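> Predicted model follows, preceded by the sequence.
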Amino acid sequence: MNKATTAVYPGTFDPITNGHIDIIERGARLFNYVVVAIAENPGKHPLFSLQQRRELAVLALAHLPNVRIVAFSGLLVDLVHEVGAQVILRGLRAVSDFEYEFQLASMNRRLDARVETVFLTPAEHYAFISSSLVREIARLSGPVAEFVPSVVATALMAKFSEQGA
Ligand code: ADP
């Protein structure tokens, strides 16, 4: 790859998990830069605020020098141009992800034909992790240390003890 390529990895990251990090690490080896774009996504009623999700991602990705983290609330293809990227990166865990991801990629292509979507798959032992399951386990005081970085596990514990108080 001799062109300077920047990929945007968008998502809700509520919160960032080891599965997301696996995809970002793979992306950071393939592309010159990866911009992790945290969507405000009010429709999903996130557990963590946009600012908290951004802070957790910054801490969890501090070991990757060619990765930066931004928060956004507009159209993804607009952000892609704003940061000078050419690629949208997404993760595929299972066949169940495919339909939605295919629709999203097709819509983004319709919105801007110059932007390509690239899919990466995580290591097998991360394929079953989702932010929603992690939130549910943490809410029920179950162990999440295996699925998220320690800063995220701590933030989840704090969040649910604050809500329970
Ligand atoms: P969104 O609300 O956009 O789906 P998510 O934060 O849930 O945001 O996911 C962002 C991207 O990361 C999606 O492409 C999703 O399929 C992918 N992803 C989520 N969890 C994992 C995982 N464990 N392994 C690989 N990819 C994942």
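Looks like it came in fine. In this text, all values refer to a predicted model and were calculated from it rather than measured experimentally.

> tell me what the strand or helix carrying Phe102 is packed against?
Phe102 is located in helix 95-111, with elements delineated by DSSP states H and E. Using 3 or more C-beta pairs under 8 Å, 6 or more residues apart in numbering; DSSP states H and E as the contact criterion, the secondary-structure elements in contact with helix 95-111 are helix 76-82, strand 87-91, strand 116-120. For glycine as for every other residue, the C-beta is placed from the backbone atoms N, C-alpha and C.

> all helices for this structure, in order.
With DSSP state H as the definition, the chain shows helices at residue ranges 18-30, 50-60, 76-82, 95-111, 131-139, 150-164.

> buried sites along the fifth one?
Read that as helix 131-139. By neighbour count, with 16 or more other C-beta atoms under 10 Å as the criterion, the buried positions of helix 131-139 are 131, 134-135, 138.

> Same question for the first one.
Going by neighbour count (16+ other C-beta under 10 Å), the buried part of helix 18-30 is 18-28.

> Kindly report the same for the longest one.
Of all the residues in helix 95-111, those buried under the rule 16+ other C-beta under 10 Å are 97, 101, 105, 108.

> In a markdown table, list those residues along with distance to Thr5 and pLDDT.
Formatted as a markdown table, the entries for the buried residues of helix 95-111 read as follows, by distance: C-beta to C-beta, whole Å; pLDDT from 0 to 100:
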| residue | distance to Thr5 | pLDDT |
| --- | --- | --- |
| Asp97 | 23 | 90 |
| Glu101 | 20 | 96 |
| Ala105 | 17 | 97 |
| Asn108 | 17 | 97 |
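
> just those that are near the ligand?
With C-beta under 6 Å from any ligand atom as the criterion, the subset of the buried residues of helix 95-111 in contact with the ligand comprises Asp97.

> want to throw the buried residues of helix 95-111 into CSV with distance to Arg68?
Listed next are the buried residues of helix 95-111 as CSV, based on distance: C-beta to C-beta, whole Å:
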residue, distance to Arg68
Asp97, 25
Glu101, 23
Ala105, 23
Asn108, 21
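
> now, which of the buried residues of helix 95-111 sits nearest Ser73?
Relative to Ser73, the closest of those is Asn108; by C-beta to C-beta it sits at 16.7 Å.

> which one of the buried residues of helix 95-111 is nearest the ligand?
Proximity to the ligand was ranked across the buried residues of helix 95-111 by C-beta to the nearest ligand atom; first place goes to Asp97, at 4.9 Å.
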